[in-house]
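Chemist: Sequence unavailable; structure follows:
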């Protein structure tokens, strides 16, 4: 999955932790000193470095600075004992992704590693604008329509500035790709780019995740913690789904935008920060302001520059380009020949309403390719990939004539049926669990029961997948890994 370098003078930790990471599918390289670790990075840049602060010879901070001189966008996680927490905090301020205290909790560490690898990919994987990246190893904003040309122009205008940018559009339109393109074309491109999903993190944790906390700020705060805002100092912070940010946290974000300073939880002094804010939402913020769910002063601060991404149904002429791109990209990723699309399949794709936008189109192409038998994709292959219950239902629920509004499909009907029948006080959690179990079973079926490949397909760690499988009572044959 990824190549990880562990730099630590403790041979037992190197071996044991290295075996754990290898069991997760990673390639692990080991170094016992800062000098050796630096040579490893110079020889071949890994995807992530896990670095101890206390090292013989070159110190952890000196090693970290030397690594940054070799590859500024390489994510580094600092390991430290309680006595060297301040040193780790200094490294984080310098741009280290995060730090952990020894002894650390393995599942929490694995989750942090997953976050760091994702951040590293975001920073180092270029977003091609209106072109296909070399060997399909990057991401791309694809489209020749007039609406997308306006988006490209806007990216060019705002990238060179430090202006706050609000990226708006429906789910699946590519808001994160636009944020990354702005970052990569800005003068902050060598500094950190960190992402916070405001709806994925519980309200009780979001504030500390953003702004950090002081030792003793609350029960369990055994040491000082630097938040993502400070970690992104001199870089860029992307706040995804900002329309779902709790009102209780919006005041602190407003202060950041107005005064360029923050206070950690439990802190008493302002901390100056230099960070550019990019934000994205699929919510109607004007309506949220009117309903009191979003601060009007924060909305005006965020709304300095607005980029509106068009839904896919409003740029149907781009669908064949996107389909060809995804087909070639996924064929390369899966190691299978690119079967191509028939003219009838292209017409079928262009006739659909795509409520999930580009993300949905990508998923349909991937699924159709997985079940392809070598011949060019036809309308039946596309429709089968769209609907679980066969092309007839898929066609009925998704294909629309020009100007017609798209209707709900099997998933919508299933949800309404459950809501109509449900009387449980935990109905929402039960529905989420039911759907999650269906998705996991599908991933295991596609990968032939291989847990590692299924976790990779779902974008989660293997321990997370195993925990969910145990929770939902999902079993596969013992011989499958």
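Modeler: Structure's in. What do you need? Note that this is a predicted model, so its numbers are computed, not measured. Residues are numbered from 1 along each chain as shown.
Chemist: Run through the stretch 51-200 of the chain and note the low-pLDDT ranges.
Modeler: Judged against pLDDT under 70, the low-scoring parts of the stretch 51-200 of the chain cover residues 82-85, 130-138.
Chemist: show me where it has strands.
Modeler: In chain order, the stretch 51-200 of the chain shows strands spanning 76-80, 98-101, 127-129, 139-141, 165-168, 193-197, with DSSP state E, counting those that start in this stretch as the criterion.
Chemist: so which of those strands gets nearest residue 439?
Modeler: Comparing the strands of the stretch 51-200 of the chain by their distance to residue 439 (C-beta to C-beta), the top pick is strand 193-197, with 18.3 Å. (C-beta placed from N, C-alpha, C; glycine too.)
Chemist: rewinding a little: arrange the strands of the stretch 51-200 of the chain in CSV, one row each, with mean neighbour count and distance to residue 271 as further columns.
Modeler: Below are the strands of the stretch 51-200 of the chain laid out as CSV (neighbours: other C-beta atoms under 10 Å; distance: least, C-beta to C-beta, whole Å):
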stretch, mean neighbour count, distance to residue 271
strand 76-80, 25, 19
strand 98-101, 20, 17
strand 127-129, 19, 31
strand 139-141, 20, 33
strand 165-168, 24, 24
strand 193-197, 20, 16
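Chemist: now the ones you listed as CSV including distance to residue 231?
Modeler: Converted to CSV, the strands of the stretch 51-200 of the chain look like this (distance: least, C-beta to C-beta, whole Å):
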stretch, distance to residue 231
strand 76-80, 11
strand 98-101, 7
strand 127-129, 22
strand 139-141, 23
strand 165-168, 20
strand 193-197, 6
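Chemist: Quick check: which of those strands is nearest to residue 65?
Modeler: Nearest to residue 65, of all the strands of the stretch 51-200 of the chain, is strand 76-80, at 10.4 Å by C-beta to C-beta.
Chemist: just to revisit the earlier point, would you mind saying which of the strands of the stretch 51-200 of the chain lies nearest residue 352?
Modeler: With C-beta to C-beta as the yardstick, what comes closest out of these is strand 139-141 (20.8 Å).
Chemist: List the neighbouring strands of that closest one plus their orientation.
Modeler: strand 127-129 (parallel) (DSSP bridges).
Chemist: where's the residue nearest in space to the middle of the chain relative to residue 198, distance?
Modeler: In the chain, the residue lying closest to the centroid (C-alpha atoms, centre = their mean) is residue 118, at 6.4 Å. Taken as C-beta to C-beta, to the nearest Å, the spacing of residue 118 relative to residue 198 amounts to 17 Å.
Chemist: Could you list the residues in contact with stretch 330-345?
Modeler: If you take C-beta atoms under 8 Å, 6 or more residues apart in numbering as the criterion, stretch 330-345 is touched by 135-136, 320, 323-324, 327-328, 349, 365-366, 369-370, 372, 374-379, 381-382.
Chemist: Just those: which are in helices?
Modeler: Secondary structure assignment (DSSP state H) places 320, 323-324, 327-328, 349, 365-366, 369-370, 379, 381-382 from those within helices.
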